[in-house]
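> coordinates only, no sequence provided:
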């Protein structure tokens, strides 16, 4: 492991840059968005999700954020611009 010690700082720098400035081309974003929409649809139909949802709905207040859910329609409505805005807001001040 010693021979790689000299690359540690550069590796951390690259990881930090990727976290602060993620790159996802528009075409790739559309592919991932469509895949997430399909996954969301199957998740919402699963017995496990429906059971957790019923339990959460019974235990939590009506407007608790845990009860918020993504739907295939809301996921499909996302754009790469929306993604950049969300990433900027979530990453804090730069």
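Done, it's in. Here the structure is a predicted model, which is why all the values come from computation and not from measurement. Residues are numbered from 1 along each chain as shown.
> now do the lowest-mean-pLDDT helix or strand in the chain: which elements does it pack against?
Sorted by mean pLDDT, DSSP states H and E, the helices and strands of the chain end with helix 80-91, the least confident at a mean of 73. On a contact count with 3 or more C-beta pairs under 8 Å, 6 or more residues apart in numbering; DSSP states H and E, helix 80-91 meets helix 26-45. Just so you know, the C-beta spots here come from the backbone N, C-alpha and C atoms, and that holds for glycine as well.
> for the helix it packs on, which outside residues touch it?
Contact with helix 26-45 is made by 24, 49, 69-72, 75-76, 78, 80, 83, as judged by C-beta atoms under 8 Å, 6 or more residues apart in numbering.
> buried stuff in it?
29, 33, 36-37, 40 (16 or more other C-beta atoms under 10 Å).
> which of the residues in the helix or strand following that helix are buried?
For helix 26-45, the following helix or strand on the C-terminal side (DSSP states H and E) is helix 47-59. Neighbour counts using 16+ other C-beta under 10 Å place no residue of helix 47-59 among the buried ones.
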